[in-house]
Every structure is written in structure tokens, then in C-alpha cells.
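In: starting from these lines, generate the structure:
(3 chains)
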Amino acid sequence: MSKTNSGRYFEDFTIGHVIRHATPRTVTQGDVSLYTALYGSRFAVQSSDVFAQDIGYERAPVDDLLVFHIVFGKTVPDISLNAVANLGYAGCRFLAPVFPGDTLVASSEVIGLKENSNGKTGVVYVRSTGFNQEDVCVLDYVRWVMVRKKDPAIATGHDAVPSLPAALAPDSLGDAVPILDVSAFDTDLSGSVHMWDDYQIGEKIDHADGMTVEDAEHQMATRLYQNTAKVHFNHFIESKGRFGCRLIYGGHVMSLARALSFNGLGNAFHIAAINGGRHVAPLFAGDTVFAWSEVINKAELPGREDVGALRVRLFATKDCPCAAFPTKTEAGYDPAVILDMDLWVLLPRSSSA
Amino acid sequence: MSKTNSGRYFEDFTIGHVIRHATPRTVTQGDVSLYTALYGSRFAVQSSDVFAQDIGYERAPVDDLLVFHIVFGKTVPDISLNAVANLGYAGCRFLAPVFPGDTLVASSEVIGLKENSNGKTGVVYVRSTGFNQEDVCVLDYVRWVMVRKKDPAIATGHDAVPSLPAALAPDSLGDAVPILDVSAFDTDLSGSVHMWDDYQIGEKIDHADGMTVEDAEHQMATRLYQNTAKVHFNHFIESKGRFGCRLIYGGHVMSLARALSFNGLGNAFHIAAINGGRHVAPLFAGDTVFAWSEVINKAELPGREDVGALRVRLFATKDCPCAAFPTKTEAGYDPAVILDMDLWVLLPRSSSA
Amino acid sequence: MSKTNSGRYFEDFTIGHVIRHATPRTVTQGDVSLYTALYGSRFAVQSSDVFAQDIGYERAPVDDLLVFHIVFGKTVPDISLNAVANLGYAGCRFLAPVFPGDTLVASSEVIGLKENSNGKTGVVYVRSTGFNQEDVCVLDYVRWVMVRKKDPAIATGHDAVPSLPAALAPDSLGDAVPILDVSAFDTDLSGSVHMWDDYQIGEKIDHADGMTVEDAEHQMATRLYQNTAKVHFNHFIESKGRFGCRLIYGGHVMSLARALSFNGLGNAFHIAAINGGRHVAPLFAGDTVFAWSEVINKAELPGREDVGALRVRLFATKDCPCAAFPTKTEAGYDPAVILDMDLWVLLPRSSSA
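Out: Below is the predicted model of the structure:
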């Protein structure tokens, strides 16, 4: 029997099966620095221990998406090594802050299996969960991927699609944020005067800046997350493949868009939930990523007056500035759109008199 | 009103105005490692806690230019987002050591404004200052940039150019260096036997090595500094612009030249001051940087016998080895020169009998 | 006299001479993160403090090859700045674990000198040793390099080749590994169920994955190791040289191959020794590295029942997947092979009833 992991095929998954993933990972300040170098994020809470402590954190928490990518990366060898496509995310909640020094492990439960009509592939639904060294759940999300079948000739009969929430409810948000002293939230240092109260439903924000991606950058990012998906790293194979070049990890686009969103959402210091996410089109080295956001909902958090939630649809495009807010219409997506993400982000509320 | 920061124009500046910059930043060992990976600096004091402690530091301080870049980066969104050109630096002093774990904030005071005769731009002079978490000033420098006007048709009348020192006086140097035990300065470990006493005014030093820069490298560096200047990151826009490609952050060249200068100035472990600096020509990915130095002055530090100061003119070139010491003559700069920096560096003095 | 280090020539070496190298280096979590980002290594022991502590380490040790590269890098300015070729390694043992916070220094003793018959070059043999801040030896290896002579016309007469072991003896292995509690070695988290007992002599393992290398990556790696060998960094010079482009540090290939070897050797958590290593052919940016291993010996460690040693021949290739196990035959190396390394790696032994 080969000792090399060649990954699970569709037939290898069983509903209810829980897979504990390798490799446990102690997150460090080195990871945080690399994350900054890769995306240039400027949210004060994640950048400064002093700022974080002043408002009520133990110290600066690790960027939410860095936690997401590390947990996601662990699932790849077990879930998506033979994936044809990463179809979507839903119901992703950030449940506890992660600090440098914490050690993350991850597991996934198979919650749905649906064979495709062509017999060649099927969709695998997993709920993946990240835990810290004290067994506290820090992250929980559903992902579905299209996975190759070993044998197209033999039907599995799998036809179980789980029901997934369109969006997290406001009362499920905010567990990763301590009660904040908003009077200590210094808007000179945070880089924005705009609090939760200042945003309106329907408001569109062009994040203005563009960021070109290099192969060395996305490879370093994806390896930092110990994500082993082959398409990101192997030019020799990919040069002969579908796109003729390496494909950039979709999470890299998420982090770029999030970092760009600082310009216009500078006080949206925390992603409380990813309601859904779709990688509309692939990104390749040399492409330039732009982003814009639309505020699609606002919510108070039950029992909390320190922070409020904005539901934001965050779009990323390639080689297309977003002043015209390229989006999805009945005719489909604008061809420039590469990412369509539905987030709940938290902002401090104006401290009224 | 747009929530996107589109930066200040020349008309938005007022002399005497103090701007507190976002984003506070805890400097970490991760930043130090990235800095090493980006430039390959080999000064023992910044590389080894043990070496630093043996001579009298609390532990290894952060590289001076990393501190400079982090403070500089914070000023960009407020000062130079609409800059046409970064014209120069002066009077830059390093006033206290920075260690991993320190949190830096920055502010800038507008100290001069001079409209250009074409009416389209003006020069903004700011004194920028970096502080640590104990409100100790760690860095202080003047920078002037050419900034676009909103309305070329309306003259502002601004004509205030501050007087700037040609060089810092020796008695203003060395605050960032504790009194050292020079007898513990191990020249095997430092990589050079040449102490302050061994350098002569007029001496020219070819730093010999060359370093080619990649887009991924300067982008990672510039994002590490949370510097958001658009020209460094956006190939989509810059490919249609003045140079046809992304422009490398001038500070990246400063750090490359400084790291190369180890070969010949291995004991010049600290930049005490940047008397002035000029980015003579732009650098682009694929270019190879070389450097050489001329010792233009020497000074004892009043009251100190442990270290002495060399005033060094540090030149960087692109695609031109420096054995012939390319420089500025009456006819102007040698076309290979890209950086002309005037520094005070500190070296240990020979421990005489 | 020039203050620039132009490196030693063959005539500058004397048998018995011990050279203490610059620059001492405190290894940090930042270095560990960069190492992960550069190679994507997934061994649980080095990735997780919790996993490491559970089995008996103080905390997660630094990757063995990161230690090797840092020590090696220090030797370059003194040993191989004028090297024509890095010919080989032998007898390399890892003698104590290195943890973030440790400070490494290195020295080399000249143990052999043999002038080549052409009179232009000679082979220098050195035993290089790395120590931590408590003067504990962490690494010890022999390297030989071909170095230019200053004067081809004058023969040195040097003809002393040291005798070198073909492989380290099993009783010399394992000093860097504490006695482990193998019952705590969680094979879900380690990513492999295959213990020492499960491998057979003669077994061949295709590590399956490929990794394309970018210039920015190998340059950042090599600078992280403060390795100053000119051929890795200077496109201006190398574009006119032997290969027409920068040459990738051979150690970068070693680390890539080691990281790829996780897929098939996931529990081989420690390199106890490098019996020998040969860089068969150069690697350049854009090439894709693959790897495979052959188990060539197995050994118990005297007095230890927790771990066993596999002697593994680890091959790396470029632009050639390794399913067919490209190797060396009587006709010479398969043209795809770039690295042929002979290692002792340690794995936990099955905890029998």
C-alpha cells in the first residue's frame, strides 16, 4: 500500500464521519508579520497590542482571515485534494479570539453528499471547526466542494444536501469580541471617523486601491497556511492544464479584498461571520485586485451597546477599478468580478452623550 | 460624503497643523525576520540578543531603517497619497532604541508650504515623529513632498520654506545607543576588525555585492510597513503610467544599500542620523542594486568614549557595480545613481591601552 | 588596505586553522514562520508547541534544516565567497534541539586541502560547527568546496584529503531528541499512520507533489540565512554568466525536498544526520521541484525504544514527476535529478502491547 496520500475521492466520504486533520499549528507573531507583509492590512485592533488592550482585548488578536486560512488549510489534504472546484462557504462564525501563541487544530464532519448527474463527480459538504489548545472552538463553517469519483460507472446514490442558513442571525455574532470600552477607541489611530451608526443600508463604498499579485506572494501565503492544494504550486503541471498557469488560492483574494476594504471601512475591525462566499472567477499572478462593498443590512447585537454589525457584500474584481461598482445582475456577474462575499463585520457604535 | 480616503491635496495643509496618524503598530520578531529576509542585513547588534546584551543593550534592537519605514508608512495616507514626488529628507535622528514588543505611533506637523509656480502643485514640508508605547520619541525627521493642488486656477500664496540643517551636530547623536562596553565587542562575531579609529575622511568603500529586486519583495516590504502609496502595488494602473510598471518604494533602496554597506562598514552598527537623502532615479523590479560609501566626516560624541560617528555619503546605483565610485559631479549625477544619502553612523572606538 | 571582504582564496587556508564566523543570530518565531511560508513544511513536532510538549519536547523545536542553513550561511563569507562549486557534505549530525530565542554562532576548522591538477583551484575541507548561547554544539558537519587560487602559477603542494564516514553510525544519532512518550504521538495530528516499524528497506516512496520556485522566494530564503553567496542575488552579473540567470542556493532544494517528503514520510519528524549530499544539477527560478525517497537502511537506536532511524536516500528532480523514481545508474544520473541526499531520519516506533 502506498504511503503517499492521494486524497479522498467522492466514494470515500460518509455522512456523519468526523475527520481530525493534521497538522496542529501554533500561531505566532511571525505569522502575523507575514500576513501584514502579504496583504498590508491596517486595522488598528490587529496591528497594535496597546490599541487592543486600551479597548478591552487581552492584546492584539490575530486577523480573522488568517485564522480561517489556517483552519481551512488543514482540511485540504483530507477533503479537497481531489476537488475539481471549491464551490462555496456558508455559516462561518468566528467564536473566540486567537492570539499569538495559541495552537490550532481542526476537524471536519461530512454533512452532505450529492452525486452529480454526470457520474464523474459529487459535491461533498463538510462542517469544519477550528479549536485552540484549550478546546475552545474558534471557528466553525460549512464548505462544499466538487470532488472526483473513483469510478464514474458506479452510481453512489448520494443525494443529501444539507440546509444552510442564508445568513447568520445577529444574536449569534460577536463571541470573539470582548465587551469594548468604545470611549477608548481612538479614531485618529483607527484611521476612520465612521462608526457603525454612520453607515446606511444600501451604501456603496469603493475601496479605491488596487493590488497586483505575484506568484511568490500567493505561494508563500498558501504555504504559510500549510494548504497543499496542488494547483497553487506546480507550474510544470498547471502550464499544461486548464488555465496554463498556477491558480491563486481563493482565500488569498478574500484577504486582499478585506485589506483593501480598510479604505472606507476602517473601523470594521472584526469579521464576525462569513454568511457566504463565492469565487466567481480565478485569479492569476500579474492580475490586479480591486474591491468594493455594499452595506446590505445593519443590526444591533442583543445585549451589547459597544459594537454593532454591518452586513456587507464585499466584491473583488481583477484588472477593473470599482468606481462603477461591478456586480451581479440578472444577466450574471460582471466579467471583472472574481469574489462575491457576504460578511457580518463589527464596528464600534458612537458613544452618545 | 465618501468614506474612502482620497488623501489630502496641497490646499488641505495648514502650517502648524499636527496630524496624528493611523495605524499604531506593535513591532515584533516577525517583522525583524522579514526585514532580514528582504535585505539580508548582517549587523551583529541587530541580529543577536546575546551580542547586544554583551555590549550593553537590553537585547537586540530593531534595525533603524525598519523603524524609519514603519513611521514613514504611517504618514503616507495623511501626507503623500496625492504626492507627485517624494523630494527629500533632512534632520532625521534616531532617539531611542526600539525593541520587539514596542508599539509605535506617529504624527506629523506641517512646517512649510510652498506653491510651485505652475500652480498645479506645491511642496509640503512636515516634521514627522515616531513614539513608542511610553510616549518616548524614537525618531524625528523632516520630509518634503510635491503634492497636487485641487484647483490649479486658485493660487494659495503659500511661500514658506523652513530652514533645514545640512547635517545634525555630533552632540545630537547617539541617544538611541546605551553606553557600550567596547571591550566586549567581539570583532570575529561582528564580521569586521575596522573600528571608528580606522576610517579616514575621504575614504571610499566599494560595497562590492549586488542585489536584484523582485516585485514580490518590494511589495511585501512596503506592505510590511503598512505604506499605502499606490504606485508600488498597482500594475494595472502603473502599466499605463509614467514608467510602465510599478515603482519601488525609495525606502526599499535605502535598506538595500544599508545592508550591502555591511561589507566594508561592518561595525557601523547604528544609523544615528540621516542628514539628508535623495532618490535620484527610480528603481524597478529586475534591476540590480549596488552601493558604495565615502567617509565625509568623523566626529567624537561629546562625553562618550565608547563610540564615534562617521559621516558617510552612501550611494546606490542600479545595474552598475561601484568599483569606479559613480557620483555627482558638476555635470550632475552619474546616470547609474539612484540614491544619495548622507548619514551619521556609529562605530565602536578602539579600546586603547 | 580595502575594508571590503573579498573572501579567502585557496592559498589563504591552513589545515588546523579555526575560523570563528560572523554574524551571531537569535533564531525567532519569525524565522520559523518564514520557513513555513517558504517550504510549507507540515511536520507536527515543528509546527505545534502543544504536540511537541505532549510527546516530551520542551516546546516545538526549530526545523533541522533551518538550523543547518543558518549555520551554513555564516560560513559563506569566510569559506566559500570565492568558491567555484560546493562539492558535498558529510557527517552532518544534529546534536541538540534549537528553540526560538536561542542564539547561534558558528565556526569552521580547516581539515583538508587538496590542490587541483590544473593549478587554478583547490578543494577546501572544513568541519563547521554551530553552537547555541550556552556553548552547546547543535550541529556539526563537513563540507568541501572548490575554491579559486590567487595565483595559478605557484603550486601549493597541498594534498591532504580527510577521511570521511560514508554514514553516521546509529549510536551517534538522536542526541537532539528527548526521550519521547510515543503513546502521546497522535497519528491523526501527525498526518500519517506509518511508524518506523512500517517501513521496509528497499521501499520507494513518490512524494507526489511539485513545487515551483520563484526568484523572490529563494532570495528571501537565502537572505534569511544571511548567506551572502553572490550567485544567488545578482541578476546583472549572472545574466552574463555561466547559466544566464541567478542560481538557487542548494540548501533551498534540500528544504523543498524535505517538505515534499512529508507526503509519505509524515512521521519522520527529525533529521538526525545528513550522511552525504550532492547537488547534482543547478535549479533556476521557474523550475518545479519534485522528490522521492528510497529507504536504504533501518536501525534501532541503542538504548532507545521510542524512536528508530531510517536511512533514506532523498532525491529531488526538476520538471519531472517522480513516479518512475529517477535515480543514478551506471550511466550516471537521470538528467532530471538535481539533489541526491543520504539522510538518517527518526520516526516513532509502534507502541506494542
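In: nearest to chain B: which residue in the stretch 151-300 of chain A?
Out: residue A:191 (3.0 Å; Cβ to the nearest Cβ). Using the backbone N, CA and C atoms, a C-beta is placed for each residue, glycine as well.
In: now that residue. Nearest residue, chain neighbours left out?
Out: Ranked by Cβ to Cβ, 6 or more residues apart in numbering or on different chains and with sequence neighbours excluded, the top spatial neighbour of residue A:191 is residue B:22, at 3.0 Å.
In: what about the helices in chain A?
Out: According to DSSP state H, chain A carries its helices in the segments A:29-39, A:44-47, A:49-55, A:64-79, A:187-190, A:215-224, A:235-238, A:250-260.
In: now the ones you listed in TSV, with distance to residue A:152 and mean pLDDT?
Out: Converted to TSV, the helices of chain A look like this (distance: least, Cβ to Cβ, whole Å; pLDDT from 0 to 100):
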stretch	distance to residue A:152	mean pLDDT
helix A:29-39	39	98
helix A:44-47	46	98
helix A:49-55	52	98
helix A:64-79	20	98
helix A:187-190	54	98
helix A:215-224	30	98
helix A:235-238	22	96
helix A:250-260	26	98
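In: re earlier: ok, the residue nearest to residue A:191 touching residue A:186?
Out: No: if you go by Cβ atoms under 8 Å, residue B:22 and residue A:186 don't touch, sitting 9.1 Å apart.
In: any common contacting residues for the two?
Out: Applying Cβ atoms under 8 Å, 6 or more residues apart in numbering or on different chains, one finds that residue B:22 and residue A:186 are jointly contacted by residue A:44.
In: dump the C-alpha coordinates for stretch A:230-250 into CSV.
Out: Output of stretch A:230-250 as CSV, limited to C-alpha atoms (Å, rounded to 0.1, in the frame of the first residue of the first chain):
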residue,chain,number,x,y,z
LYS,A,230,-1.7,21.3,-5.9
VAL,A,231,-3.0,23.8,-8.4
HIS,A,232,-1.4,26.7,-6.5
PHE,A,233,2.2,25.5,-6.6
ASN,A,234,3.0,23.4,-9.6
HIS,A,235,3.7,25.4,-12.7
PHE,A,236,5.1,22.3,-14.5
ILE,A,237,1.7,20.6,-14.3
GLU,A,238,-0.5,23.7,-14.5
SER,A,239,1.2,25.1,-17.5
LYS,A,240,-0.3,22.2,-19.4
GLY,A,241,-3.6,22.5,-17.6
ARG,A,242,-6.9,24.3,-17.8
PHE,A,243,-5.6,27.8,-17.3
GLY,A,244,-2.0,27.4,-18.4
CYS,A,245,-0.7,28.7,-15.1
ARG,A,246,-0.9,28.3,-11.4
LEU,A,247,-4.3,29.2,-9.9
ILE,A,248,-4.2,31.5,-6.8
TYR,A,249,-5.8,30.2,-3.6
GLY,A,250,-9.3,31.8,-3.3
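In: what does that stretch rub up against?
Out: Stretch A:230-250 is contacted from outside by A:81, A:86, A:213, A:215, A:218-219, A:221-223, A:225, A:227, A:229, A:279, A:282-285, A:339, C:40, C:209-212, C:286, C:288, C:319, C:321, using Cβ under 8 Å, 6+ apart.
In: those residues: which ones sit near chain B?
Out: Restricting the contacts of stretch A:230-250 to those near chain B by Cβ under 8 Å from any Cβ of the partner chain leaves residue A:215.
In: of the contacts of stretch A:230-250, which belong to strands?
Out: Of the positions in the contacts of stretch A:230-250, A:86, A:279, A:339, C:211, C:212, C:288 sit in strands, assigned by DSSP state E.
In: which of the residues you listed count as buried?
Out: The neighbour count (16 or more other Cβ atoms under 10 Å in any protein chain shown) marks A:86, A:279, A:339, C:211, C:212, C:288 as buried among these.
In: looking at these, which two lie furthest apart in space?
Out: Across these, the longest distance by Cβ to Cβ is 27.5 Å; it joins A:339 and C:288.
In: can I get the helices of chain A in TSV with distance to residue A:11?
Out: Shown next, in TSV, are the helices of chain A (distance: least, Cβ to Cβ, whole Å):
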stretch	distance to residue A:11
helix A:29-39	36
helix A:44-47	42
helix A:49-55	47
helix A:64-79	14
helix A:187-190	51
helix A:215-224	28
helix A:235-238	24
helix A:250-260	26
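In: in CSV: those helices, plus mean neighbour count and distance to residue A:171.
Out: Converted to CSV, those look like this (neighbours: other Cβ atoms under 10 Å in any protein chain shown; distance: least, Cβ to Cβ, whole Å):
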stretch, mean neighbour count, distance to residue A:171
helix A:29-39, 26, 30
helix A:44-47, 25, 23
helix A:49-55, 21, 22
helix A:64-79, 25, 19
helix A:187-190, 20, 26
helix A:215-224, 26, 34
helix A:235-238, 20, 44
helix A:250-260, 25, 24
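In: close to chain B: what parts of the stretch 101-250 of chain A are there?
Out: Checking the stretch 101-250 of chain A against chain B by Cβ under 8 Å from any Cβ, the hits are A:188-192, A:194, A:198-199, A:203, A:205-212, A:214-217, A:220.
In: I'd say residue A:45 and residue A:61 touch.
Out: Yes: using Cβ under 8 Å, residue A:45 is in contact with residue A:61, at 6.9 Å.
In: now for those two: what residues contact both?
Out: In contact with both residue A:45 and residue A:61: residue A:52, using Cβ under 8 Å, 6+ apart.
In: so what are the domain limits for chain A?
Out: A:1-27+A:62-160, A:171-353 (automatic domain parsing).
In: before we move on, the earlier item: higher neighbour count, residue B:22 and residue A:186?
Out: residue B:22 (27 against 16; other Cβ atoms under 10 Å in any protein chain shown).
In: now stretch A:327-334: buried residues?
Out: A:327, A:333, A:334.
In: span of that stretch from start to end?
Out: End-to-end distance for stretch A:327-334, by Cα to Cα, to the nearest Å: 6 Å.
In: I'd say residue A:125 and residue A:91 touch.
Out: No: using Cβ under 8 Å, residue A:125 is not in contact with residue A:91; the gap is 10.9 Å.
In: okay, these two: which has more neighbours?
Out: Counted by other Cβ under 10 Å, residue A:125 and residue A:91 do not tie: residue A:125 has more neighbours, with 24 against 20.
In: any idea how far the more buried one lies from residue A:159?
Out: Distance from residue A:125 to residue A:159, counting by Cβ to Cβ, to the nearest Å: 12 Å.
In: who touches both of those two?
Out: Common neighbours of residue A:125 and residue A:159 (Cβ under 8 Å, 6+ apart) are A:113, A:114.
In: check residue A:88 and give its pLDDT.
Out: pLDDT recorded at residue A:88 is 89.
In: what is it paired to in the beta sheet?
Out: Listed by DSSP bridges, the beta-bridge partners for residue A:88 are residue A:144.
In: residues contacting it?
Out: Taking Cβ under 8 Å, 6+ apart as the test, what residue A:88 contacts is A:143, A:144, A:276, A:277, A:278.
In: turn the buried ones among the ones in strands among the contacts of stretch A:230-250 into JSON lines, columns for distance to residue B:260.
Out: Formatted as JSON lines, these follow (distance: Cβ to Cβ, whole Å):
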{"residue": "A:86", "distance to residue B:260": "44"}
{"residue": "A:279", "distance to residue B:260": "42"}
{"residue": "A:339", "distance to residue B:260": "40"}
{"residue": "C:211", "distance to residue B:260": "30"}
{"residue": "C:212", "distance to residue B:260": "29"}
{"residue": "C:288", "distance to residue B:260": "31"}
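In: could you list the buried residues of the worst-scoring helix or strand of chain A on mean pLDDT?
Out: One helix or strand of chain A scores below all others by mean pLDDT, DSSP states H and E: strand A:83-94, with a mean of 91. When neighbours are counted by 16+ other Cβ under 10 Å, the buried residues of strand A:83-94 are found to be A:83, A:86, A:88, A:89, A:90, A:91, A:92, A:93, A:94.
In: hey, where'd the strands end up in the stretch 51-200 of chain A?
Out: For the stretch 51-200 of chain A, the strands defined by DSSP state E, counting those that start in this stretch occupy A:83-94, A:103-115, A:121-131, A:137-148, A:159-160.
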